[in-house]
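Asker: Sequence and predicted model, in that order:
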Amino acid sequence: MLLVLGRRVSLSFVKRVIPQYPVLLSNPILQDLRTIKFRVIHSSTVFASATRQNTDTMPERRPFVRLPTDVYPVNYGLCLKPDLIDFTFEGKLEAIVKVNLATNQIVMNCADIDIITASFVPEGGEEINATGFNYQNEDEKVTLSFPSALQKGSGTLKIDFVGELNDKMKGFYRSKYATPAGEIRYAAVTQFEATDARRAFPCWDEPAIKATFDISLIVPKDRVALSNMNVIDRKPHPEDDSLLEVKFATTPIMSTYLVAFVIGEYDFVEGQSSDGVTVRVYTPTGKAEQGKFALEVAVKTLPFYNDYFNVPYPLPKIDLIAIADFAAGAMENWGLVTYRETALLIDPKNSCSSSRQWVALVVGHELAHQWFGNLVTMEWWTHLWLNEGFASWIEYLCVDHCFPDYDIWTQFVSADYTRALDLDALDNSHPIEVNVGHPSEVDEIFDAISYSKGASVIRMLHNYIGDKDFRKGMHSYLLKFQHRNAATEDLWDCLEQASGKPIALVMSSWTKQMGFPIIVVDQEQQGDDRILKISQKKFCASGPHNGEDCPNWMVPISICTGEDPGCTKLKVLLDSPETTITINNISPDQWVKINPGTVGFYRIQYSSAMLEGLLPGIRDLTLLPVDRLGLQNDLFSLSRAGMISTVEVLKLMEAFVNEPNYTVWSDLSCNLGVLSSLLSHTDFHEEIQEFIRDLFTPIGLKLGWECKQGEGHLDALLRGLVLGKLGKAGHKPTLEEARRRFKDHVEGKQILSADLRSPVYLTVLKHGDSATLDTMLKLHKQADMQEEKNRIERVLGAISAPDLIQKVLTFALSEDVRPQDTVSVIGGVAGSSKHGRKAAWKFVKDNWEELHNRYQGGFLISRLIKLSVDGFAIDKMAAEVKSFFESHQAPAAERTVQQCCENILLNAAWLKRDADDIHQYLLKRKAPGLNNPAPPPPFFQRGPPCIIAASAPPFSVHRWTESEHTQSRLNFSKRKNTNDDDVNKQAKNLTKR
Ligand code: BES
Ligand code: ZN
């Protein structure tokens with residue numbers, strides 16, 4: 001709600017009656033400018049029944065108005081002088097601006113900055129001093145008032161200001177590091193996305209207000225100073241010869257959120273891409289070696305994108321730099337990409353395979369933004385998903401190109417696709433394209449919907465169009481909008497032109513309405529033909545939507561058969577609630593599968609006969625790994641939604657006993673982790689551990705502890721996953737061997753290989769005592785690499801004794817843990833055990849002020865909340881969580897809180913519904929003579945043949961009441977999802993990044 005003339009009116013009303021840029025509309029020249037820079041985008045297709053999004057119960061939207069455009073910047077001349085001892089900075093802005101309309105006020109963004117003086121010099125005129133600076137703190141704006149009107153035309157706006165180098169990891173902030181000699185020092189670094197450039201200098205901090213930048217930094221002469229562009233001048237400071245003034249080349253026209261500067265001590269490695277770009281990877285001093293892997297990836301990636309987009313990288317250089325204190329994983333600042341140390345540095349001996357893969361993905365992601373985001377920028381944050389969804393898709397294409405042996409697309413399905421489906425099945429999800437205004441609303445949408453659903457629908461679109469036309473469309477989009485801004489529809493137009501397909505119509509159904517369909521399929525053989533009856537319904541985590549206002553999607557559906565499981569036999573576009581499809585010339589014994597490759601963004605409910613036909617393909621591996629994974633994941637999700645019994649999924653899981661594929665195991669392991677976490681609320685938790693041990697023992701035996709000749713990346717990941725799973729579940733031989741190897745490691749007799757460290761640490765801690773914890777904390781202290789510190793931090797929560805859990809929680813907030821990593825220590829505790837869950841939540845409540853203050857409402861607070869409470873499975877905990885956040889506001893986490901409460905109620909309903917049956921099944925499979933044949937028969941031969949009733953049984957899942965609704969944002973650290981954070985993966989929908 002917004003206060004207009006003292007009346008409360010809804011935001012949508014305000015939008016209708018107050019055009020955003022009323023002045024621009026009356027002037028033809030400015031209209032042109034408006035279409036270029038400030039296009040108001042009209043949605044093409046509106047899906048009336050779009051969503052059951054909780055607009056009625058959404059928290060009130062904070063008042064928000066975009067900046068006026070009567071004065072706008074053309075060039076920022078910006079000089080900053082940070083003080084690395086006092087943690088302050090002085091700034092001088094000389095911005096060339098255009099005045100569109102005579103005014104005696106300039107409104108800009110400004111936060112946490114003190115303006116000392118401001119003046120305006122009209123081109124060829126006299127300087128006019130500003131007479132007042134009126135800060136609107138809530139809106140993060142300042143209004144500069146002038147004694148007379150600034151006339152239409154050009155001029156220079158001069159502002160002197162000071163600010164603090166804060167410790168909140170946003171704006172212009174300080175980052176702590178130790179020199180090789182152990183001395184503590186600070187670097188000054190920036191993180192501006194989404195709305196924090198305004199904390200470093202007064203500016204027009206909106207993505208569509210692009211300008212060029214001339215940046216100078218005044219820095220101690222022994223420090224490295226970097227910015228978006230190359231250095232063009234370096235001279236001693238006239239007043240202080242211990243300082244240097246470093247001047248950088250003019251940037252292309254760009255958005256403020258992509259500006260960056262870094263001042264600190266770094267080493268670097270340098271390379272040249274085949275298309276002539278100088279690439280440097282900056283590392284902490286003495287660790288240049290650790291930059292080599294990222295350099296190799298970057299040097300391969302730039303020409304890959306140059307070729308894919310057929311548009312060259314537009315800057316002369318690109319730097320990639322590791323920053324010790326860093327809230328996100330990485331940030332795509334144009335020409336100066338900043339990374340967490342763990343997302344950039346690889347040590348040949350001490351880095352594990354999953355870290356290599358993560359670095360490759362992050363480099364691939366951020367470099368894609370150099371085109372998609374930086375060269376062409378979203379018009380407004382509503383289109384953020386374009387940036388993040390696209391980069392989250394193409395990073396896989398890039399890694400697949402650089403490392404074909406990673407089988408990275410299968411991993412996409414487990415990491416992004418299923419994660420997006422899980423989140424988007426909630427009533428408290430949101431559409432990909434979402435209206436946002438206030439910075440806290442912007443922060444909120446850096447979530448799994450923008451990233452993982454965004455990437456998944458682009459993958460589906462790419463598959464629907466085909467690579468050739470997709471590339472053609474991308475090329476024309478980048479060319480048409482380069483150095484400008486674009487909206488979702490602009491991309492659809494270009495892809496539509498390139499492919500001749502109804503892209504806008506198809507894609508609007510996926511981006512403008514939240515959720516996705518469940519495709520219900522049945523079949524009938526008629527002679528040589530198979531008739532498929534296909535229908536769609538909205539899938540909800542509590543079961544399919546059964547109301548009258550059920551939304552529909554335009555669903556590209558592909559079909560394959562048992563004859564050639566890897567080949568699509570038929571493609572249709574389902575544009576109605578139901579349809580019938582005929583497959584010709586197919587024998588009655590052939591199975592039919594929908595969605596080969598698991599590319600379409602939907603779940604599938606097969607008739608029991610169809611499913612029966614598909615299941616042998618799991619055991620004999622004739623189904624593709626990605627489809628084995630998809631089938632298992634669909635059934636798991638259906639069981640959580642009450643559409644099938646969880647017992648049927650357990651039986652299905654047993655059919656994976658011969659599974660060789662890492663990613664299939666990883667997804668299955670993740671789901672078992674969710675189940676194990678759920679059953680930790682019961683007194684038969686041990687029985688599910690036994691189930692896990694039985695399931696993982698054969699593959700564990702096959703893999704053993706030693707790496708064998710000829711093994712590759714995925715074998716290393718699989719070994720770590722399986723041994724960690726077995727160790728954690730209390731498999732005696734694994735535990736004994738882990739202890740033995742841990743002892744040797746600690747004593748320095750035999751250092752553990754990097755890939756075995758996480759599973760070993762996890763196993764010994766899970767079954768360890770206070771001495772184990774102390775040893776682990778000592779290893780943590782000694783560790784030189786942040787990767788090793790993080791590895792330990794993530795598993796500490798596995799310790800069982802309550803007093804030791806408390807010790808871990810206290811450690812999480814200590815000086816020994818980097819602020820950005822506190823979240824994963826607390827999350828590790830919450831995800832490890834019943835006691836841990838309670839203790840972590842209590843700890844968060846008791847330390848709320850400190851935690852909230854530390855993250856200042858950024859996305860880390862959302863992640864912390866999610867990790868801490870999502871695993872509860874008792875109704876009253878949902879009420880407790882809701883009530884806590886009513887009195888402890890976290891604006892950027894409102895939707896996350898709602899999603900968590902919804903998840904808690906879903907867990908509780910699931911437990912009530914299935915706990916007894918699961919218990920009976922777990923007991924029965926152990927009882928001699930009863931359903932306990934050895935070796936276990938194929939799933940489909942045991943028990944009743946039908947696992948899914950043709951019409952699903954009625955389900956009685958708690959439906960979210962109106963009053964329980966709210967809002968939130970991302971847990972976007974998902975994709976560090978490999979073996980080394982098994983603990984954090986306990987509740988899959990919490991943690992996949
Ligand atoms: N633009 C984001 C960084 C960002 C995230 C800024 C949230 C502000 C708020 C960057 O491109 C990004 O997406 N980084 C990811 C890594 C990537 C590989 C998914 C991250 O930080 O997790
Ligand atoms: Zn990104």
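Answerer: Ah, there it is. Ligands and ions are numbered 1, 2, ... in the order given.

Asker: What about L701, how many residues nearby?
Answerer: By other C-beta atoms under 10 Å, 11 other residues sit near L701. Heads up, the C-betas are built off the backbone N, CA and C, glycines and all.

Asker: any idea where the helices of the stretch 151-300 of the chain begin and end?
Answerer: For the stretch 151-300 of the chain, the helices defined by DSSP state H, counting those that start in this stretch cover 292-309.

Asker: Find the closest residue to ligand 2 in it.
Answerer: Ligand 2 sits closest to E193 of the stretch 151-300 of the chain, with a gap of 8.7 Å, by C-beta to the ion.

Asker: Buried residues of stretch 256-276, list them for me.
Answerer: Buried positions in stretch 256-276, judged by neighbour count with 16 or more other C-beta atoms under 10 Å: 256-269, 271, 273.

Asker: Write out the residues of the stretch 751-900 of the chain neighbouring ligand 2.
Answerer: Within the stretch 751-900 of the chain, no position lies close to ligand 2 (C-beta under 5 Å from the ion).

Asker: Low-confidence ranges, the stretch 751-900 of the chain, go.
Answerer: Within the stretch 751-900 of the chain, not a single segment meets pLDDT under 70.

Asker: Tell me where it has helices.
Answerer: So, for the stretch 751-900 of the chain - with DSSP H, counting those that start in this stretch - the helices run 754-766, 770-782, 786-795, 802-812, 822-830, 834-846, 848-855, 859-869, 875-887, 894-924.

Asker: Equivalent analysis for the stretch 401-550 of the chain, please.
Answerer: Under DSSP H, counting those that start in this stretch, the stretch 401-550 of the chain gives helices at 408-412, 418-424, 439-444, 448, 454-465, 467-481, 488-499, 503-511.

Asker: which one of those lies closest to ligand 2?
Answerer: helix 454-465 (10.0 Å).

Asker: What mean pLDDT does that closest one get?
Answerer: Averaged across helix 454-465, the pLDDT comes to 98.

Asker: what do you get for stretch 192-201?
Answerer: 98.

Asker: Could you pull up the residues touching C567?
Answerer: By C-beta atoms under 8 Å, 6 or more residues apart in numbering, the contact list for C567 reads 560, 596.

Asker: again, 7 Å this time
Answerer: C560 (C-beta atoms under 7 Å, 6 or more residues apart in numbering).

Asker: Next, it: secondary structure please.
Answerer: Classification of C567 using DSSP: H, G, I helix; E, B strand; the rest coil returns coil.

Asker: Was I right to think N387 contacts W371?
Answerer: No - using C-beta atoms under 7 Å, N387 is not in contact with W371, being 10.7 Å away.

Asker: and W705, how many neighbours?
Answerer: 16.

Asker: Which secondary structure state is assigned to it?
Answerer: Classified using three-state DSSP, W705 is coil.

Asker: Looking at the residue nearest to it when sequence neighbours are not counted now. What's its pLDDT?
Answerer: In space, W705 comes closest to E737 once its chain neighbours are excluded; the distance is 6.2 Å by C-beta to C-beta, 6 or more residues apart in numbering. On pLDDT, E737 comes in at 98.

Asker: report the angle between the axes of the helix or strand hosting E737 and helix 770-782?
Answerer: For E737, the host element (DSSP states H and E) is helix 732-746. In terms of direction (axes from the mean of the first three to the mean of the last three C-alpha atoms, to 10 degrees), helix 732-746 departs from helix 770-782 by 50 degrees.

Asker: got the CA positions of helix 732-746 in CSV?
Answerer: The C-alpha trace of helix 732-746 is given here as CSV (Å, rounded to 0.1, in the frame of the first residue of the first chain):
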residue,chain,number,x,y,z
LYS,A,732,30.7,-50.2,10.6
PRO,A,733,33.5,-51.1,8.1
THR,A,734,33.3,-47.6,6.6
LEU,A,735,33.4,-46.0,10.0
GLU,A,736,36.4,-48.1,11.0
GLU,A,737,38.3,-47.3,7.8
ALA,A,738,37.4,-43.6,8.1
ARG,A,739,38.7,-43.5,11.6
ARG,A,740,41.9,-45.2,10.6
ARG,A,741,42.5,-42.9,7.7
PHE,A,742,41.6,-39.8,9.8
LYS,A,743,44.2,-40.8,12.5
ASP,A,744,46.9,-41.2,9.8
HIS,A,745,45.9,-37.8,8.3
VAL,A,746,46.0,-36.0,11.6
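
Asker: on that earlier part again, can you report how many residues neighbour the residue nearest to W705?
Answerer: Neighbours of E737 using other C-beta under 10 Å come to 18.

Asker: can I assume it is in contact with E706?
Answerer: No - applying C-beta under 7 Å, one finds E737 not in contact with E706, separated by 10.9 Å.

Asker: Does L717 touch S354 like I think?
Answerer: Yes - assessed by C-beta under 7 Å, L717 is found in contact with S354 at 6.2 Å.

Asker: what's the closest non-adjacent residue to L84?
Answerer: Counting by C-beta to C-beta, 6+ apart, the residue nearest L84 is Y186, at 5.2 Å.

Asker: quick one: that neighbour and L78, what's the gap?
Answerer: Y186 sits 21 Å away from L78, taking C-beta to C-beta, to the nearest Å as the criterion.

Asker: More neighbours: which of these two?
Answerer: L78 (23 against 20).

Asker: Next one: the more buried one from V97, what distance?
Answerer: Where V97 is concerned, L78 sits at a distance of 13 Å (C-beta to C-beta).

Asker: And L675, by the same measure?
Answerer: Applying C-beta to C-beta to L675 and V97 gives a distance of 60 Å.

Asker: of those two, who's got more company?
Answerer: Shown here are L675 and V97; by other C-beta under 10 Å, L675 has more neighbours (25 against 22).

Asker: elements contacting whichever strand or helix holds the more buried one?
Answerer: For L675, the enclosing helix or strand under DSSP H and E is helix 662-679. Counting contacts by 3 or more C-beta pairs under 7 Å, 6 or more residues apart in numbering; DSSP states H and E, helix 662-679 is packed against helix 625-640, helix 685-703, helix 713-728, helix 894-924, helix 988-991.

Asker: Just the C-alpha atoms of it, please, in CSV.
Answerer: Extracted C-alpha coordinates of helix 662-679, given in CSV (Å, rounded to 0.1, in the frame of the first residue of the first chain):
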residue,chain,number,x,y,z
TYR,A,662,27.1,-40.6,-10.0
THR,A,663,24.4,-38.0,-10.5
VAL,A,664,21.6,-40.6,-10.3
TRP,A,665,23.1,-41.7,-6.9
SER,A,666,23.5,-38.2,-5.8
ASP,A,667,19.9,-37.3,-6.4
LEU,A,668,18.7,-40.5,-4.8
SER,A,669,21.0,-39.8,-1.8
CYS,A,670,19.6,-36.3,-1.5
ASN,A,671,16.0,-37.6,-1.4
LEU,A,672,17.0,-40.2,1.1
GLY,A,673,18.5,-37.5,3.2
VAL,A,674,15.2,-35.6,3.1
LEU,A,675,13.4,-38.8,4.2
SER,A,676,16.0,-39.5,6.9
SER,A,677,15.6,-36.0,8.2
LEU,A,678,11.8,-36.4,8.2
LEU,A,679,12.1,-39.7,10.1
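
Asker: got the residues of the protein near ligand 1?
Answerer: Residues of the chain lying close to ligand 1 by C-beta under 6 Å from any ligand atom are 193-194, 328-332, 361-362, 365-366, 369, 388, 391-392, 446, 859, 972-973.

Asker: Phi and psi next, for E94.
Answerer: phi -130, psi 100 (degrees, to the nearest 10).

Asker: doesn't T156 make contact with it?
Answerer: Yes - with contact defined as C-beta under 7 Å, E94 reaches T156; the gap is 5.6 Å.

Asker: dump the residue contacts of the residue of the stretch 151-300 of the chain closest to ligand 2.
Answerer: 257, 331.

Asker: What of the one 10 residues further on?
Answerer: Taking C-beta under 7 Å, 6+ apart as the definition of contact, the neighbours of C203 are 76, 108-109, 197, 256.

Asker: Check which residues of stretch 816-831 are buried.
Answerer: So, applying 16+ other C-beta under 10 Å, buried residues of stretch 816-831: 817-831.
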